[in-house]
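Participant: fold the following for me, if possible:
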Amino acid sequence: MNFAEPLHKSERMMWIDAARGFAILGIFVVNIGAFSAPYFLYGGEKDVWPLPIDQTTQMLIDMFFQASFYTLFSVLFGFGLQILKERLIVKEIAVMPFLIRRLTILIMFGMIHAFLIWHGDILLSYGIIGLIFMVFIYRSDQTILLWGSFMLGISVFLYTLMLYNIRALLGSASMSEINRAERSYASDDLSAILGQNLNDWLYSNSVFSYMLLGTTLLPLFLFGVYLARKRWLHNPQAHRQKLLAGWIISLIVFIVLKMGPHLYGNPVWFSYVQDNVGGTASAIFYLFSITLLGQSMLGKKMLKPFSYIGRMSLSNYILQSLFCFVLFYGVGFGLYGSVRPVQAMGIVVLFYVIQVFASKWWLAKFRYGPLEWVWRSLTYKRKQPLRERE
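Facilitator: From the prediction side, this is the model:
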């Protein structure tokens, strides 16, 4: 009987690991704002943070980070599933049962993260949408690209049309929800914190929101599969012209749809286009930039710290949430609602640097991050070697 095995170190594409690590940084930049205050969900941030430096920080986050990095990570998620599928075929392992088991375990991770740590979890959604993605696992390249573009385009058009029609009702803050969140997360009662976390998760997730998420997240998985099949990122030197063309096109769309709305007041009704079309373009731009940069010696040195984070991205993602849980909630340091955006960015940089050094130290001794090892062992149905020399 053949057993599938994870990729060996020599088979890894360093720039892909670096892109994952860069995505984890960008996700942290956005998540810390939602973790530290209620305004990301319920509005009102302009009234609370009126200083120009905080307003500028928020604007820069919106232009360069918001919806750019979960999209990047989503493309890489689809990319990784395609690579794993190809490896399973070579090993003569049944693809569907294996991937379904892997995604089901991810759903379990997501449930623990979403309900016991933070309502903004993305792992649960990745696992659920990933199971739907299995319908496309054997489809042709053209079918994958057309379906991804069609789903994203129709979803964005229809939802933006709806937002435009109700634009006069958008943008108001919910003071009752803001006050409730501030009381609950500042409490030293763990049950109050987890209860508020569940309330926020239910506020953010409904059948309708999951339908929207499916038509925006699933296309990103499909785009990642398409890139993996085309081998543009496997052999960037051979496909340099295609990467450069994609880099230029994605940069133009990034500038027009992601940054451009700030020239005319950044209207709320346009946010779905900004996040899902502009955000996809910015994700592709970042991915192609990192890939091209990774082809030079200087570029590889610059990207190396990000690759340590990327090789244990699941562990680092959860660690960031645990750090924020302790830092902001009442059972820890209780800083919820008291950290300004510019201060939050300082916290992000400091903690991310710590993660880089910690990840480098860990990977010098072990093959995988701790949660990656658990995920792999459960997926492969046998204990994976953890220590580097096992």
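Participant: distance of I248 relative to K242?
Facilitator: Between I248 and K242 the distance is 11 Å, computed by C-beta to C-beta, to the nearest Å. All C-beta atoms are positioned from the backbone trio N, CA, C, and that covers glycine.
Participant: how about I318?
Facilitator: 35 Å.
Participant: those two - which one has more neighbours?
Facilitator: Using other C-beta atoms under 10 Å, the more surrounded residue of I318 and K242 is I318, with 20 against 13.
Participant: so that one is in which element?
Facilitator: For I318, the element it lies in under DSSP states H and E is helix 313-328.
Participant: residues in contact with that helix?
Facilitator: The contact list for helix 313-328, computed with C-beta atoms under 8 Å, 6 or more residues apart in numbering, reads 20-21, 23-24, 27-28, 31-32, 35-36, 73, 109, 113, 117-118, 121, 123, 185, 309, 332-336, 339, 347, 351, 355, 359, 369-372, 375.
Participant: can you pull the contacts of V253?
Facilitator: So V253 contacts 277-278, 281 (C-beta under 8 Å, 6+ apart).
Participant: which of the contacts of helix 313-328 count as buried?
Facilitator: With neighbours counted using 16 or more other C-beta atoms under 10 Å, these contain these buried positions: 20-21, 23-24, 27-28, 31-32, 35-36, 73, 109, 113, 117-118, 121, 123, 185, 309, 332, 334-336, 339, 347, 351, 355, 359, 369, 371-372, 375.
Participant: give me the subset of those residues lying in helices.
Facilitator: Among the buried ones among the contacts of helix 313-328, DSSP state H puts 20-21, 23-24, 27-28, 31-32, 35-36, 73, 109, 113, 123, 185, 309, 347, 351, 355, 359, 371-372, 375 in helices.
Participant: look up phi and psi at the most centrally placed residue in the chain.
Facilitator: Residue closest to the average C-alpha location in the chain (C-alpha atoms, centre = their mean): Y70, at 2.6 Å. Dihedral angles of Y70 (phi, psi; degrees, to the nearest 10) stand at phi -70, psi -30.
Participant: neighbour count, secondary structure and pLDDT for the contacts of V253 - can I get that in a markdown table?
Facilitator: Formatted as a markdown table, the contacts of V253 follow (neighbours: other C-beta atoms under 10 Å; DSSP: H, G, I helix; E, B strand; the rest coil; pLDDT from 0 to 100):
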| residue | neighbour count | secondary structure | pLDDT |
| --- | --- | --- | --- |
| V277 | 22 | helix | 97 |
| G278 | 27 | helix | 97 |
| A281 | 22 | helix | 98 |
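Participant: just the closest of those to A192, please.
Facilitator: Nearest to A192 out of the contacts of V253 is G278 (C-beta to C-beta; 37.7 Å).
Participant: remind me what the helix or strand where S209 lies packs against, helices and strands.
Facilitator: In this structure, S209 sits in helix 207-230 according to DSSP H and E. Secondary-structure packing of helix 207-230 (3 or more C-beta pairs under 8 Å, 6 or more residues apart in numbering; DSSP states H and E): helix 69-90, helix 123-133, helix 141-165, helix 279-293.
Participant: give me the pLDDT for A4.
Facilitator: With respect to pLDDT, A4 scores 41.
Participant: tell me the buried residues in stretch 265-275?
Facilitator: Buried residues in stretch 265-275 (16+ other C-beta under 10 Å): 268-275.
Participant: please apply the same query to stretch 297-314.
Facilitator: For stretch 297-314, by 16+ other C-beta under 10 Å, it's 299, 303-314.
Participant: any idea how far that stretch is from the chain center?
Facilitator: Centroid separation for stretch 297-314 versus its chain: 17 Å, with C-alpha atoms, centre = their mean, to the nearest Å.
Participant: helix, strand, or coil at A173?
Facilitator: Taking DSSP: H, G, I helix; E, B strand; the rest coil as the rule, one finds A173 in the coil state.
Participant: now for it, how many residues are close by?
Facilitator: 16.
Participant: how about Q241?
Facilitator: 8.
Participant: buried sites along the helix or strand that contains it?
Facilitator: Counting by DSSP H and E, the element that carries Q241 is helix 240-253. Within helix 240-253, the residues scored as buried using 16+ other C-beta under 10 Å are 243, 246-247, 250-251, 253.
Participant: if anything else comes up later, I'll come back, but that's it for now.
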